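> quick one, fold the following:
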Amino acid sequence: MRNIHKIDLVVIVGSLTVLMFLVGYMNPLIIAPLDEYETSDADVLFVIDKAEVLLIDDNLDFTTPDEYRVEDGLKINLGPGKYYWKVVGILGSDIKTLTINSVVSLELKDMDGGYGVVNSGNVRLDVDVYNGTELIDRVKLDVDNFSDIEGTKYIGEME
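Next up, the predicted model:
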């Protein structure tokens with residue numbers, strides 16, 4: 001009778017050990033980005049193992065998440081704002097956060113007899129174009145778009 005208890009104990013401890021190993025093995029492995037990651041680069045690289053789906057939403061309740069199949073080198077372009085994300089596989093991950101900061105940036109482009117501008121930031125801009133002190137035009141520039149309106153002074157602000 002005493003041997004039966006020892007065998008039962010060995011079976012229970014062995015089963016628990018195997019179960020703990022399997023649960024740990026099935027948890028998604030998130031390598032990048034780190035939780036609470038903050039950047040001004042709109043392209044975010046996700047490096048994830050042991051998961052099938054990445055969910056990203058702008059609200060903590062995940063009421064309207066964007067869904068991505070997890071693959072090697074998954075790069076996602078996100079606009080400025082705060083995002084919540086998690087991965088789902090056999091088991092799910094904790095909810096992580098990531099913030100894309102706004103960048104307002106104009107670059108001058110040399111044109112015949114003057115300059116134009118390129119929106120080199122990551123947000124749409126309203127740009128006032130001046131010739132000296134006179135306002136000659138107002139243009140809206142999307143990211144990486146070019147304005148060929150020649151001026152001597154350009155002032156851009158977020159839309």
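> which residue sits closest to residue 82, ignoring its sequence neighbours?
Closest residue in space to residue 82, ignoring its immediate chain neighbours: residue 99 at 5.0 Å, by CB to CB, 6 or more residues apart in numbering. From N, CA and C alone the C-beta is placed, and that goes for glycine too.
> and the helix or strand where that neighbour lies, what does it pack onto?
Here residue 99 sits within strand 96-100, counting by DSSP states H and E. Counting contacts by 3 or more CB pairs under 8 Å, 6 or more residues apart in numbering; DSSP states H and E, strand 96-100 is packed against strand 37-39, strand 81-88.
> quick one: closest of those strands to residue 8.
Closest of the helices and strands packed on strand 96-100 to residue 8 is strand 81-88, at 36.7 Å (criterion: CB to CB).
> now the closest one against strand 96-100, angle please.
150 degrees (axes from the mean of the first three to the mean of the last three CA atoms, to 10 degrees).
> could you chop this protein up by domain?
26-100, 106-158 (automatic domain parsing).
> export those domains to CSV and tack on mean pLDDT, distance to residue 7 and mean neighbour count?
Listed next are the domains of the chain as CSV, based on pLDDT from 0 to 100; distance: least, CB to CB, whole Å; neighbours: other CB atoms under 10 Å:
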stretch, mean pLDDT, distance to residue 7, mean neighbour count
domain 26-100, 91, 28, 14
domain 106-158, 82, 65, 15
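> columns distance to residue 5 on top of these, output as TSV?
Output for the domains of the chain, formatted as TSV (distance: least, CB to CB, whole Å):
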stretch	distance to residue 5
domain 26-100	32
domain 106-158	66
